[in-house]
Structure formats: C-alpha cells, structure tokens
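1. Next come a sequence and a model predicted from it.
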Amino acid sequence: MPHTTRVLHSEWTKIRSVRSTLWTLVTALTVTVGLSALICAFTASQFDKLGKNEQLNFDATQTSFSGSGLGQLAMIAFGVLIVSGEYNTGMIRSSLAAVPQRSVFIAAKIFVAGGLVLVVGMATSFLAFFVGQALLGEHSVSIDDKGVLRAVLGGGIYMTLIALFAMGLTFVLRSPLLAFGILMPFFFLISNILGNVNATKEYAQYLPDQAGKTVTAVVPESLSRPYGPYEGLLIMVGWTVAALLAGWIVLKKRDA
C-alpha cells in the first residue's frame, strides 16, 4: 500500500507540474460553458421562429451542452498530453524503472488523471446546465425535472470517458503527433460527417462520441438513435475500456 500511495503521488506531481495539461482542462470548461451559453441565448431569442415540431421536441437540457463538441477536444488533448509526455521526453524509462509493475503504473495514471477529469467534467456539466437554463428563460427546465439530473451527471461522465479513451489510444500510438493527428480530425470532423451521410449514418451512431452524447438527452423524441441514453453511455464505456485495455497490452508487451 505505501508503494501504491507513492506511485499515485508521483502521477499527481507529473500532472500538476506541467502547465499545458492543466490549461487543457481550463480550456475544456471555458469553451464548453461559453459556447453552450451563446447557443442557449441565441436559441431563446429565436425560439418563436422554430418549426412547430422543433418546439414540441425541444430539449432544453441537451441544448445547454451544445458546446461540449468543442470542449471535448480539450479533454482529448489532456488525455493525449498526459501519456505522450512520458514518451516524448523519455520519462517513460525512468517511470518504469521506478515502477517496474507496468499494471500498477498504468492503473495509477488512469486513477489520478481520471479522478481529476471527473471533477472538472462534473463542474463543467453543472455550470453549463445552470448558465444555459438561465439564458433559456421561459423555455428552461429544472434540475428536479425527470431525467435532468441524470443528463447533467452523464455530461460530466462523458467528458471523463472521452479523456480516458484518448489516454488509452495514446498508450497504443505513443507519439503525440500521431495521437493528435488521428483523434482531433476524427472527433471534430469525421465522426460528424459520417453521422450525417445516409450511407454511413446507421453505423456512425455507434461511434464513441455519438453514442456517449445521448446521455445528455431528456426528450426521447429529440433522439434519432435505436437506443436510449443509458445504452449510449454503455457503448461509450465499452469503447473506453477497449482503448485502455489495448493501451495496457501495448505497454506490457513493448519496450519503453
């Protein structure tokens, strides 16, 4: 136990000593809340111009997370930097020399980084919700309404999972350039394109971000998925576990 405590403390020291990683979390919160607030304010001002069907199926809760699409990119950057920094600087050799049990090393990194992004993700989710609802005015909902608290908590969990997914994939790729080159275009462009093309839409809805974001939906009619919010979150969990498992296997089998 003392050894594990020292490993956890070491991982925490690595995170807080590199400012760029912490700034990604600040960026995630700022971008998500700021962009969501802007969209909520615009939606409130243009609500009467929406079609009748759009008004009836309007999901005020999900609208308050409209900025998470960009905010998640900062969370991905955090996950990439946390892992790739070890390889980019050569610190991975020192880390594994100090902690030769590679399972302990990766578990400690996941635990510390995951705990931090969970706190930031929850703070981001609740702040985005309350600011968004304040701006939506008469079209807003209460945190006590059915399904709303689940959606807000789910928003924080989603932000955490997307960062852990990035960590797992970066353990496989090792290179920060390769990790950023794959993850950023995929989640910023490719996933959205695939989700809007008729030929690929049926399969794209099972991608991690498209499935995971359904957890923030409260109005069933606003979802165009063959599964509900909980099932969508489970799909996202599956992707994350698979990425972390792949990262663990690569770490165990490859030399530092």
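-> Perfect, thanks for sending it.

2. Skipping its backbone neighbours, what lies nearest residue 211 in space?
-> Excluding the flanking residues, the one nearest residue 211 by CB to CB, 6 or more residues apart in numbering is residue 235, at 3.8 Å. No exception for glycine: its C-beta is placed from N, CA and C like everyone else's.

3. any idea how far the one you found lies from residue 153?
-> Separation of residue 235 from residue 153 (CB to CB, to the nearest Å): 17 Å.

4. rewinding a little: where does the residue nearest to residue 211 fall, secondary structure wise?
-> Assigned by DSSP states H and E, residue 235 belongs to helix 229-253.

5. So which elements touch that helix?
-> Applying 3 or more CB pairs under 8 Å, 6 or more residues apart in numbering; DSSP states H and E, we find helix 229-253 packed against helix 102-136, helix 148-173, helix 208-212.

6. Output the below-cut-off pLDDT ranges for the stretch 1-150 of the chain.
-> Scanning the stretch 1-150 of the chain for pLDDT under 70 picks out 1-2.

7. ok, the residue nearest to residue 141 when sequence neighbours are not counted - how many residues close by?
-> In space, and not counting its chain neighbours, residue 141 is closest to residue 60: 4.7 Å by CB to CB, 6+ apart. Using other CB atoms under 10 Å, residue 60 is surrounded by 21 other residues.

8. between residue 235 and residue 153, which one's more packed in?
-> Set residue 235 next to residue 153 and count neighbours by other CB under 10 Å: residue 235 wins out with 20 against 16.

9. these two touch, right, that one and residue 213?
-> No. Here residue 235 does not reach residue 213: they are 10.8 Å apart, not a contact under CB atoms under 8 Å.

10. Name the residues contacting each of these two.
-> By CB atoms under 8 Å, 6 or more residues apart in numbering, residue 235 and residue 213 have no common neighbours.

11. do you know how far residue 99 is from residue 32?
-> Counting by CB to CB, the gap from residue 99 to residue 32 is 34 Å.

12. gap between residue 14 and residue 238?
-> In terms of CB to CB, residue 14 sits 28 Å off from residue 238.

13. Skipping its backbone neighbours, what lies nearest residue 113 in space?
-> Looking at residue 113 with CB to CB, 6+ apart, the closest residue is residue 82, at 5.1 Å.

14. which residues touch that neighbour?
-> Counting by CB under 8 Å, 6+ apart, residue 82 has contacts 15, 21, 109, 113, 167, 170.

15. sec struct for it, please.
-> helix (DSSP: H, G, I helix; E, B strand; the rest coil).

16. got a list of contacts for stretch 32-47?
-> 55, 58, 63-68, 70-72, 124, 127-128, 131-133, 135-137, 139, 159.

17. how about a cut-off of 7 Å?
-> Stretch 32-47 is contacted by residues 63-68, 70-71, 124, 127-128, 131-132, 135-137, 139 when judged by CB atoms under 7 Å, 6 or more residues apart in numbering.

18. Over to stretch 154-161?
-> Identification of contacts with stretch 154-161 by CB under 7 Å, 6+ apart yields 28, 65, 68, 72, 75, 114, 117-118, 121-122, 124-125, 212-213, 215-216, 229, 233, 236-237, 240.

19. Backbone dihedrals for residue 144, please?
-> Note on residue 144: its backbone torsions stand at phi -80, psi -10 [degrees, to the nearest 10].

20. Also residue 100?
-> The phi/psi pair for residue 100 (degrees, to the nearest 10) is phi -70, psi -20.

21. Now do it: how many residues are near it, please.
-> When neighbours are counted by other CB under 10 Å, residue 100 registers 9.

22. Can you tell me what sits against stretch 204-222?
-> 57, 59, 61-62, 65, 72, 147-148, 151, 154-155, 158, 161-162, 165, 187, 191, 194-195, 223, 225, 229, 232-233, 235-236, 239.

23. Just the buried ones out of the residues you listed, please.
-> Buried residues within the contacts of stretch 204-222, counting neighbours by 16 or more other CB atoms under 10 Å: 59, 61-62, 65, 72, 147-148, 151, 154-155, 158, 161-162, 165, 187, 191, 194-195, 223, 225, 229, 232-233, 235-236, 239.

24. Many thanks, have a good one.
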